[in-house]
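S.K.: give me coordinates for this.
(chains A, B, C and D)
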2 protein chains.
Amino acid sequence: MAGEIVAGLDRLFQLLRRLTPADGISLTAASTLRRLARDGDHRLSELAVAERVTQPAMTQLVSRLARDGLVRRGAHPGDGRVVIVSVTDAGRAVLARRHDERVARLEELLERLPPADRAAIVAVLPAFDRLTTEGSE
Amino acid sequence: MAGEIVAGLDRLFQLLRRLTPADGISLTAASTLRRLARDGDHRLSELAVAERVTQPAMTQLVSRLARDGLVRRGAHPGDGRVVIVSVTDAGRAVLARRHDERVARLEELLERLPPADRAAIVAVLPAFDRLTTEGSE
DNA sequence: TATTGTTATACTCTATAACTATA
DNA sequence: TATAGTTATAGAGTATAACAATA
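M.R.: Numbering: from 1, shown residues only, chains lettered A, B, ... in the order given. Below is the predicted model of the structure:
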C-alpha cells in the first residue's frame, strides 16, 4: 500500500512544481516566509531547525530574503549573539500574491475533475494533516 | 476549497523531503531515472520537455547521471544530432533501493495513523492520479 | 535554415569545516 | 567552554544567451 502512496506523492511533487509561480521564491523560502507570517518572529537557528536546513543555509536564505526586502534582521534584547528574523510587509505581499496564483491554477485543474474526486480530495486533507504531523516529531 | 488543498500540498512537500533519502539523488534526477526505467530510452530533448527543465539543464543532469554510471548516452542511428539516453542496471538498482527506503519510512508513519485515515488516503489516490494527469496536458 | 545538443556564465540552494563574537 | 551565527569552499541544479554540429 505504501508503494502506491509513494508513487502518488511523486506525482504530487510534479503538480506542485506546476502550480508554483516561477517568481524566484523557492519552496523553502516560501515555507520560511509563511512560518514567519503565521507564527511571528524567530531566531535564525529556530528557522534552520524548523525548515530542516543547516544554520549556514539559513544564514544565506535570510540574507537573500533581506536583500530583497522580504524579511528584516533584528537584534535580541539581552543576547547579542542572537538574530531575530521578521517578515516585512513586502514579504507578506509576495506570499499573498503567490498564494493567490497557486490557488487560481489549482482551481482550474479542480474544475475539470468529477465532483466525486473533489470530494475525495477534501475528505483526505485531515488525514494528510495528521500524517505530516506524525512525520515532524 | 483550493486554498486548503494548496496548504495541504505544501505540507506534503515537507513530508516528501523527509521521506527522501539524502543519497545525492534529487527529485528531478529520480523522476528522470524512473521515466527511463518505466518508458524506455528517450532523446535528451524529450527528457527536458517531460521533466519541464531547459535543454541545458537536462544536458547537465544527464552528464552527472552518466558520470555516476546511472545512465548511458547513445547515438541515434541515422541522425547524428540526437543523443539517446538509457538507464543502466546501476541506475535501476539505485531506484529500487531509494524506493524501498521511502516505502519503509512511509509505512512507519502510516502505522501510527487511525485506520480511517489510511482508508481515506488509499481512496484519494485515483483522484490525485486524474488531477496530476489533467495538470500535464 | 532549422533542429539538437553543448558551452559559457550567473544565480539559488545546500552541505561541511573553520572561524568570530558573545555568553 | 558553549552557543549563535558567519565565512569559506564546493557541488547540484537551474536559467538565458551564444555556439557547434548535423539535417
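S.K.: can we go C-alpha only for contacts and neighbour counts from here?
M.R.: Noted.
S.K.: quick one, strands of chain A?
M.R.: Secondary structure of chain A, counting by DSSP state E: strands at A:42-43, A:71-76, A:79-87.
S.K.: list the buried residues of the helix or strand of chain A with the lowest mean pLDDT.
M.R.: Ranked by mean pLDDT, DSSP states H and E, the helix or strand of chain A with the weakest confidence is helix A:2-19, at a mean of 79. Taking 16 or more other Cα atoms under 10 Å in any protein chain shown as the basis for neighbour counts, the residues of helix A:2-19 that come out buried are A:2, A:5-6, A:8-16, A:18-19.
S.K.: quick one: closest of the strands of chain A to DNA strand C.
M.R.: Smallest distance to DNA strand C across the strands of chain A (Cα to the nearest atom of the strand): 3.5 Å, for strand A:79-87.
S.K.: what sits up against that closest one?
M.R.: Outside strand A:79-87, the residues within contact range by Cα atoms under 8 Å, 6 or more residues apart in numbering or on different chains are A:33, A:36-37, A:40-44, A:62, A:70-76.
S.K.: kindly calculate the angle that that strand makes with strand A:71-76.
M.R.: Here strand A:79-87 runs at 150 degrees with respect to strand A:71-76, directions being taken by axes from the mean of the first three to the mean of the last three Cα atoms, to 10 degrees.
S.K.: so in that sheet, which strands flank strand A:79-87, and in what orientation?
M.R.: Strand A:79-87 has the following sheet partners, assigned by DSSP bridges: strand A:42-43 (antiparallel), strand A:71-76 (antiparallel).
S.K.: is the first one up against DNA strand C anywhere?
M.R.: No - for strand A:42-43 and DNA strand C, the contact criterion (Cα under 7 Å from any atom of the strand) is not met; the two come no nearer than 14.1 Å.
S.K.: can you pull out the residues in contact with that strand?
M.R.: Contact with strand A:42-43 is made by A:36, A:82, A:83, A:84, A:85, A:86, as judged by Cα under 8 Å, 6+ apart.
S.K.: quick check: the farthest pair among the residues you listed?
M.R.: Taking Cα to Cα as the measure, the contacts of strand A:42-43 span a maximum distance of 16.4 Å, between A:36 and A:82.
S.K.: re the thing from before, how about the contacts of strand A:42-43 in JSON lines, adding pLDDT, neighbour count and distance to residue A:131?
M.R.: Converted to JSON lines, the contacts of strand A:42-43 look like this (pLDDT from 0 to 100; neighbours: other Cα atoms under 10 Å in any protein chain shown; distance: Cα to Cα, whole Å):
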{"residue": "A:36", "pLDDT": "98", "neighbour count": "20", "distance to residue A:131": "23"}
{"residue": "A:82", "pLDDT": "98", "neighbour count": "14", "distance to residue A:131": "33"}
{"residue": "A:83", "pLDDT": "98", "neighbour count": "18", "distance to residue A:131": "32"}
{"residue": "A:84", "pLDDT": "98", "neighbour count": "18", "distance to residue A:131": "31"}
{"residue": "A:85", "pLDDT": "98", "neighbour count": "23", "distance to residue A:131": "29"}
{"residue": "A:86", "pLDDT": "98", "neighbour count": "22", "distance to residue A:131": "29"}
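S.K.: now do the same contact list for the residue sitting nearest the centre point of chain A.
M.R.: Most central residue of chain A, judged by C-alpha distance to the mean C-alpha position with Cα atoms, centre = their mean, is residue A:31 at 2.3 Å. Residue A:31 makes contacts with residue A:51, as judged by Cα under 8 Å, 6+ apart.
S.K.: okay, now residue A:39: neighbour count?
M.R.: A count of nearby residues for residue A:39, using other Cα atoms under 10 Å in any protein chain shown, gives 8.
S.K.: quick one: pLDDT of it?
M.R.: On pLDDT, residue A:39 comes in at 96.
S.K.: please name the residues that touch it.
M.R.: Residues near residue A:39 by Cα under 8 Å, 6+ apart: none.
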